[in-house]
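Asks: sharing a sequence plus its predicted fold:
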Amino acid sequence: MMSDPLKDRAARSLKKSGSLSSLRRHEFQRSIHGQTKDSVSMVSYMDEPSQHEAVSRLTVQMENTYQLGPTKHFPVVTVNHILKDVLTNYLQEEDYEPELCKQMTKTIAEVIKARVKELMIPRYKLVVIIHIGQLNSQSLLIGNRCLWDPKSDTVSSYVFRNASLFALANVYAVYLE
């Protein structure tokens, strides 16, 4: 038989490892009373929903506003200035290199998204798409299709060119009812 301090220490170590929650009471008693770990059937603590998962599943209930249109329209001109500023600052001195441009598209998209979000325009979902390609006397057609409400949804676009590359930046603003 194990003494009480040893039982407490074993219980704490099992609890820390996450195995205590998956053991049934009689299996826990068997594991404390000297049987080996192999004789006890254990279920991983990952198989059971944890308290953290239960909290993350809680949803916030918000009351309806019955607002069907935007109170403030999306500022296309301001966003065009943001697009021009960001593309010029990031790409003015750059040469086309495929791996660098791959990373730059991600970086530029995140910067533009953050700058547009700073405008605090309520209830608009933003989609930022950046295309960067080599400028080499070729033609290119880029098309995007969207299903939206023309009264409230809009797009802002800017094209940048330097000696070796071009960049197209689109910001789609879709109103969330």
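Replies: Here it is on my side, so go on.
Asks: so who does Val127 touch?
Replies: By Cβ atoms under 8 Å, 6 or more residues apart in numbering, the residues touching Val127 are Asn170, Val171, Tyr172, Val174. Any C-beta I mention is one placed from the backbone N, CA and C, and that applies to glycine too.
Asks: any idea how far the second one lies from Thr65?
Replies: Spelled out, that is Val171. 25 Å (Cβ to Cβ, to the nearest Å).
Asks: more neighbours: these two, which one.
Replies: Val171 (25 against 8; other Cβ atoms under 10 Å).
Asks: residues in contact with the closest residue to the more buried one other than its chain neighbours?
Replies: With sequence-adjacent residues excluded and distances taken as Cβ to Cβ, 6 or more residues apart in numbering, Val171 is closest to Ser156, at 4.6 Å. Ser156 makes contact with Phe74, Val76, Val79, Asn80, Leu83, Asn170, Val171, Ala173 under the criterion Cβ under 8 Å, 6+ apart.
Asks: buried subset of these as a PyMOL selection?
Replies: Here is the PyMOL command that selects only those of those that count as buried (16 or more other Cβ atoms under 10 Å):
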select buried, resi 74+79+83+170+171+173
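Asks: from the contacts of Ser156, which shows the smallest pLDDT?
Replies: For the contacts of Ser156, the weakest pLDDT value sits at Phe74, with 92.
Asks: looks to me like that one is in a helix.
Replies: No: Phe74: not assigned to a helix; according to DSSP: H, G, I helix; E, B strand; the rest coil it is coil.
Asks: that one: what's it in contact with?
Replies: Phe74 neighbours (Cβ under 8 Å, 6+ apart): Ile121, Tyr124, Thr154, Ser156, Ala173, Tyr175.
Asks: surely the fifth one meets Leu126?
Replies: Going back to what we said before, that points to Ala173. Yes: here Ala173 reaches Leu126: they are 6.0 Å apart, a contact under Cβ atoms under 8 Å.
Asks: how close does Val171 get to Arg57?
Replies: 32 Å.
Asks: residue ranges for the helices of this protein, please.
Replies: Secondary structure of the chain (DSSP state H): helices located at 4-17, 25-32, 51-56, 76-91, 98-117.
Asks: coming back round to it: redo the contacts of Ser156 as JSON lines? Include distance to Gln138.
Replies: Below are the contacts of Ser156 laid out as JSON lines (distance: Cβ to Cβ, whole Å):
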{"residue": "Phe74", "distance to Gln138": "33"}
{"residue": "Val76", "distance to Gln138": "29"}
{"residue": "Val79", "distance to Gln138": "29"}
{"residue": "Asn80", "distance to Gln138": "26"}
{"residue": "Leu83", "distance to Gln138": "23"}
{"residue": "Asn170", "distance to Gln138": "20"}
{"residue": "Val171", "distance to Gln138": "26"}
{"residue": "Ala173", "distance to Gln138": "31"}
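Asks: all set now, cheers.
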